[in-house]
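A.B. asks: What follows is a predicted protein model with its sequence.
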Amino acid sequence: MNHALRVLTLAMFALAVASPHASSMAADYPARAITLIVPFPAGGSTDLTGRLLASYFAAQLGPDVKIVVENRPGASGQLGFTALADARPDGYTLGLVSPPPLLSIPIERAARFNLDSFDLIGNIVNDPAALVVREESPIQNLKDLIDKARADPGAVTVGSSGNGTDDHLSLLRFEELAGITVNHVPFAGGSPANAALIGGHIDVVSMNVGDAFLATGGGAKLRILGQMARNRGEFARGVPTFAEQGFPLYFSAYRGLAAPAGLPPAVRTKLVDALANALKNPEFLEKARATSMPISYMPPQTYRSLLENVDVELKALWKTRPWTSK
């Protein structure tokens, strides 16, 4: 037997041996607890999404499956995304991914991950960006905010969940379109940014609509100046869009579920099916609605196509408005 034929025979034998093993592994999966990494602090809308989803998602994988939520905040999500990308691709470490920071971080600085570092399981939430003030603020709408910023450039303080997050990038887009300059104050997540607003330490916070309603549900007295959605969402019918106020801006956080790249195909299929079915559960949907969580399922390929388009847009934005300078 010549060398080439011997190599081919050995490869075919290895495949034949591995295939039943892989099938058996998938059939047994999951055989132990699954870790779900949340790359932001506890208490924010991304954390709430993970904790609300966990039990319904676990139930789709098996009656005794346990999912342990683990917060890995820091560096606008970079620590959590890195931990997920570095994990073994066996289905026992999953994570919530939250573009734009999933995409913006590798654009602005060295990172050990990019979009190709992950197997996308599906999108869960589409949460529009918003600008929010305290209820007693004299700023009643976007025009008031613009007038105040133009009268004293850089004096208006606007908090966000961190440099390169959707909150920050949506603010940059608004500054550019409105022709204003504000004093951006980055925090280590949405919860501390909200706390700074409620405590009167900043004038405005850039956050998602879901975060704003989560804060008001907790007793905070806030006013949403506008939402960057194409239409008024189910949970914010009384809040005008930016477009209605003369600024056609459309920006959202697309929070989804992902695993490290390289999942066994059968395990990946189990996870994709489990997520799709969990997001149809009437009890889950009722609880999501009660917490103003805008569920918007996308299967993996649709989600990936969306993120690829967002990646192109962010790279173009970086060339004109590099966000680390703000």
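C.D. replies: Sure, I can see it.
A.B. asks: How about I180: what's its closest non-neighbour residue?
C.D. replies: A149 (4.0 Å; CB to CB, 6 or more residues apart in numbering). No exception for glycine: its C-beta is placed from N, CA and C like everyone else's.
A.B. asks: Show me what counts as buried in the helix or strand harbouring that neighbour.
C.D. replies: According to DSSP states H and E, A149 maps onto helix 142-151. Residues of helix 142-151 classed as buried: L142, L145, I146, K148, A149 (neighbour count, 16 or more other CB atoms under 10 Å).
A.B. asks: residues touching the residue nearest to I180, list them.
C.D. replies: Going by CB atoms under 8 Å, 6 or more residues apart in numbering, A149 touches A155, V156, A178, I180, T181, V182.
A.B. asks: where does the protein dip in pLDDT?
C.D. replies: 1-26, 217-218, 325-326 (pLDDT under 70).
A.B. asks: By residue count, what's the longest strand in it?
C.D. replies: strand 118-134 (DSSP state E).
A.B. asks: Compare the contacts of A149 and tell me which is most surrounded.
C.D. replies: V182 (23 neighbours; other CB atoms under 10 Å).
A.B. asks: Was I right to think that one contacts T157?
C.D. replies: Yes. Between V182 and T157 there is a contact under CB atoms under 8 Å: 7.2 Å.
A.B. asks: so what sits against both of these two?
C.D. replies: What both V182 and T157 touch, as defined by CB under 8 Å, 6+ apart, is the set V204.
A.B. asks: now the strands for this structure?
C.D. replies: Going by DSSP E, the chain shows strands at 34-38, 67-71, 93-97, 118-134, 157-160, 183-186, 204-208, 222-227, 252-260, 295-298.
A.B. asks: Out of those strands, the one nearest L271 is which?
C.D. replies: Among those, the nearest to L271 by CB to CB is strand 118-134 (5.0 Å).
A.B. asks: still on that earlier bit, inside helices: which ones of the contacts of A149?
C.D. replies: A178 (DSSP state H).
A.B. asks: quick check, nearest of the contacts of A149 to A58?
C.D. replies: V182 (42.5 Å).
A.B. asks: Can you name the residues that contact the closest one?
C.D. replies: Shown in contact with V182 (CB under 8 Å, 6+ apart): A149, G154, V156, T157, V158, L171, E175, V204.
A.B. asks: Separate out the buried members of those.
C.D. replies: Buried, going by 16+ other CB under 10 Å: A149, V156, T157, V158, L171, E175, V204, out of these.
A.B. asks: Tell me which two of the contacts of A149 sit farthest apart.
C.D. replies: So, the contacts of A149 by CB to CB: farthest apart are A155 and A178, at 15.1 Å.
A.B. asks: For G199, grab the count of nearby residues.
C.D. replies: If we define neighbours as other CB under 10 Å, then G199 has 9 of them.
A.B. asks: chain center to the helix holding A149, what's the gap?
C.D. replies: Using CA atoms, centre = their mean, to the nearest Å, the mean C-alpha position of helix 142-151 is found 29 Å from that of the whole chain.
A.B. asks: between it and strand 204-208, how many degrees?
C.D. replies: Relative orientation of helix 142-151 versus strand 204-208 (axes from the mean of the first three to the mean of the last three CA atoms, to 10 degrees): 130 degrees.
A.B. asks: about what we covered before: who does the longest strand of the chain pair with, and is each partner parallel or antiparallel?
C.D. replies: Paired with strand 118-134 in the same sheet, following DSSP bridges, are strand 204-208 (antiparallel), strand 222-227 (antiparallel), strand 252-260 (antiparallel), strand 295-298 (antiparallel).
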